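A.B. asks: Kindly return the folded structure for what I paste below:
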Amino acid sequence: QVQLAESGGGLVQAGGSLRLSCAASGSIFSFYVMGWYRQAPGNQRELVATITPSGSTNYADSVKGRFTISRDNAKDIVYLQMNSLKPEDTAIYYCGGDKLVRGATLKYWGQGTQVTVSS
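C.D. replies: Numbers count the residues shown, from 1 in each chain. Model prediction:
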């Protein structure tokens, strides 16, 4: 069973930067897509960015041009570089990965890391 563990969250002023890391206990190649999601208080969890094993990326419109998702296949880590942070980026950020198991998609989640952006 692969486990995901996020790190790198914290408190930052608006305009600042943070880099989140998602370390997998096994190979990240076992996931057909990995991504970062976030959930602010009172809101549903939303997609922030995804990346495939080939490196194809996808971003939410709200973070395009500010956030960059990347992966280090040798270390089994997925990163989210967040620049030009805004107070509305404040949320718990979760790492997620999708696996295809016997024809069904299984979603794996990390525990989340808090990102707080002050104005």
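A.B. asks: Enumerate every residue touching the residue nearest the centre of the chain.
C.D. replies: The centre of the chain sits closest to Trp36, judged by C-alpha atoms, centre = their mean, with a distance of 2.1 Å. Counting by C-beta atoms under 8 Å, 6 or more residues apart in numbering, Trp36 touches 20, 22, 47-50, 69, 78, 80, 93-96. The C-beta positions use only the backbone N, C-alpha and C, and glycine is treated the same way.
A.B. asks: same thing but at 10 Å, please
C.D. replies: By C-beta atoms under 10 Å, 6 or more residues apart in numbering, the residues touching Trp36 are 6, 20, 22, 47-51, 59-60, 63, 67, 69, 78-80, 82, 93-96, 110.
A.B. asks: Show me just the buried residues among these.
C.D. replies: Buried members of these, counted by 16 or more other C-beta atoms under 10 Å: 6, 20, 22, 48-51, 59, 63, 67, 69, 78-80, 82, 93-96, 110.
A.B. asks: Can you get me a residue count around the residue lying closest to Gln13 once chain neighbours are set aside?
C.D. replies: Closest residue in space to Gln13, ignoring its immediate chain neighbours: Ser118 at 5.4 Å, by C-beta to C-beta, 6 or more residues apart in numbering. By the measure other C-beta atoms under 10 Å, the count of residues near Ser118 is 11.
A.B. asks: what's the spacing between the lengthiest strand in the chain and its chain's center?
C.D. replies: Ranked by number of residues, the top strand in the chain under DSSP state E is strand 91-101. In terms of C-alpha atoms, centre = their mean, to the nearest Å, the centre of strand 91-101 is found 7 Å from the chain centre.
A.B. asks: same check, this time on stretch 28-38
C.D. replies: Put simply, stretch 28-38 sits 8 Å off its chain's centre (C-alpha atoms, centre = their mean).
A.B. asks: Please work out the average pLDDT along it.
C.D. replies: In this model, stretch 28-38 carries a mean pLDDT of 92.
A.B. asks: Pairing partners for the longest strand of the chain, with directions?
C.D. replies: Using DSSP bridges, strand 91-101 pairs in its sheet with strand 33-39 (antiparallel), strand 104-109 (antiparallel), strand 113-118 (antiparallel).
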